[in-house]
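> Attaching a predicted model along with its sequence, questions to come.
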Amino acid sequence: MLKKMITTLALTLGIFLIIIAFGVRGAFFPFTNPIQSSNNNSENLTVSELIKIELGGMDQYILLRGANRTNPVLLWLHGGPGAAQMPLAHHLDKKLEQKFIVVHWDQRGAGKSNHRHFDESTMTFNQFMSDAHELMRYLQTRFDQDKIFLLGHSWGSQLGIELAAKHPDDLHAYISISQVVDNYRGYEIAHKWLTDQAHQTNNQTILEHLEELGKPPYTAHSDHVQFAGLIGDHGGNLDISLGKLARIALGAPEYSLTDYYRWLNGANRGSGPMWDEIYAHQINYIGQIPELEIPVYFLAGLHDYNTPYELIQEYFEMIEAPQKELILFDQSAHTPFLGEPTTFTDELCRIKQLYFEK
């Protein structure tokens, strides 16, 4: 609780400083900066739009940015649920925008799509799947592309792997970051890692926390949140500090003062409304989705204990697909796009080259 209070206070202070630095426009009237056209003729082929569209009967926000509208679409499915990626786009995507039309979507209940009277009961897996596929079709039509690239991170990898299995004809390939494979076995691997860490450093505090929680799996949401906090506290989740992450996010022109509050509210809500439907039970994609009809690329951090690398490697080895590749980030945990951003971007551009620019 104290950690949450400190984080909230830091975020509030950061927002205040951003207001001073960027003035009223940046604080209350969000926008996205134009992309400089590299086209030699008079036609501007760039895409830089922050727009609201209707998905699943509610207004949801997307950010579309690319140096050339004829480039392939890359749709990013963020993690969480609730951890919208849009506030990081200005920091991470500059090179990607030269190769793709990068699309960030604040999913229902997340960031700019976390409306004042948002109905949490609509946070069902089928609804998220329907929203995502509706967005895929919108992008295909909007940019006249039969197929797009789909990227899913963490929670987004659950949507991603199931969309790839269900709608292969809409996709060039599925790119997975920190793939969810088996939540129950993931708990066991992370529990053993934390226990070993505690014994090696004689950290009685970790051991006491683990004893209070009991043995995994953690079928109660509160237990899951506490366990995930322990993983994060000991380097198995985020790859940069919360302070640095907040400083990056607070520099996003696409977010208003209200949007930051909505982001924090959605992130704190997390998987709570979906817990009984999805996470209180075992997820096992090794058994559920043993093959895909399209290429799949698994990007994974060696030090990830939120979605353990060990399970991702096992899933990679058994899944059948026309093309598959496991890309290891040996200096990263759960967020290799933050831990090794240059390598991450280069890998995505390389994947694109496999299908274009041959």
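Now that the structure is in, tell me what you want to look at. Numbers count the residues shown, from 1 in each chain.

> number of nearby residues for residue 321?
18 (other Cβ atoms under 10 Å). The way it works is simple: take the backbone N, C-alpha and C, and place the C-beta from them, glycine included.

> Hmm, it is touching residue 291, no?
Yes. If you go by Cβ atoms under 8 Å, residue 321 and residue 291 touch, sitting 6.6 Å apart.

> Any buried residues in stretch 290-303, and which?
292, 294, 295, 296, 297, 298, 299, 300, 301, 303 (16 or more other Cβ atoms under 10 Å).

> check contacts around residue 198.
Residue 198 is in contact with 204, 206, 207, 210, counting by Cβ atoms under 8 Å, 6 or more residues apart in numbering.

> pLDDT weak spots in the stretch 251-358 of the chain?
358 (pLDDT under 70).

> what do you get if the cut-off is 90, keeping everything else the same?
356-358 (pLDDT under 90).

> before we move on, back to that, so which of the buried residues of stretch 290-303 comes closest to residue 143?
residue 294 (19.1 Å; Cβ to Cβ).

> a strand runs through the closest one, doesn't it?
No. Assessed with DSSP: H, G, I helix; E, B strand; the rest coil, residue 294 is coil; it does not lie in a strand.

> my guess is it contacts residue 174, does it?
Yes. With contact defined as Cβ under 8 Å, residue 294 reaches residue 174; the gap is 6.2 Å.

> what sits in contact with each of those two?
Residues touching both residue 294 and residue 174 (Cβ under 8 Å, 6+ apart) are residue 164.

> And the strands in the stretch 1-150 of the chain, which stretches?
With DSSP state E, counting those that start in this stretch, the ranges of strands along the stretch 1-150 of the chain come out as 47-55, 58-66, 73-77, 101-106, 148-153.

> which helices and strands sit right next to the fourth one?
What it means is strand 101-106. Contact partners of strand 101-106 among helices and strands, from 3 or more Cβ pairs under 8 Å, 6 or more residues apart in numbering; DSSP states H and E: strand 58-66, strand 73-77, helix 125-142.

> Deepest-packed of these, please.
strand 73-77 (a mean of 26; mean count of other Cβ atoms under 10 Å).

> If I follow the layout properly, residue 274 ends up in contact with residue 82?
No. The pair residue 274 / residue 82 is not scored as a contact, 10.2 Å apart, by Cβ under 8 Å.

> who has more neighbours, those two?
residue 82 (27 against 21).

> so who does the nearest residue to that one once chain neighbours are set aside touch?
Spatial nearest neighbour of residue 82, excluding adjacent residues (Cβ to Cβ, 6 or more residues apart in numbering): residue 266 at 3.8 Å. Counting by Cβ under 8 Å, 6+ apart, residue 266 makes contact with 80, 81, 82, 83, 84, 109, 110, 111, 114.

> So for whatever helix or strand residue 266 lives in, what gets flagged as buried?
Secondary structure assignment for residue 266, by DSSP states H and E: helix 257-269. Buried residues in helix 257-269, counted by 16+ other Cβ under 10 Å: 257, 259, 260, 261, 262, 263, 264, 266, 267, 269.

> Compute the inter-axis angle for it and strand 58-66.
110 degrees (axes from the mean of the first three to the mean of the last three Cα atoms, to 10 degrees).

> Quick one: name whatever helix or strand follows helix 257-269.
Toward the C-terminus, helix 257-269 is succeeded by helix 285-288 as the next helix or strand (DSSP H and E).

> buried residues in that next one?
285, 286.

> Stretch 234-244 too?
234, 236, 237, 238, 239.

> same question, stretch 142-162
Buried-residue list, stretch 142-162, by 16+ other Cβ under 10 Å: 143, 145, 147-162.
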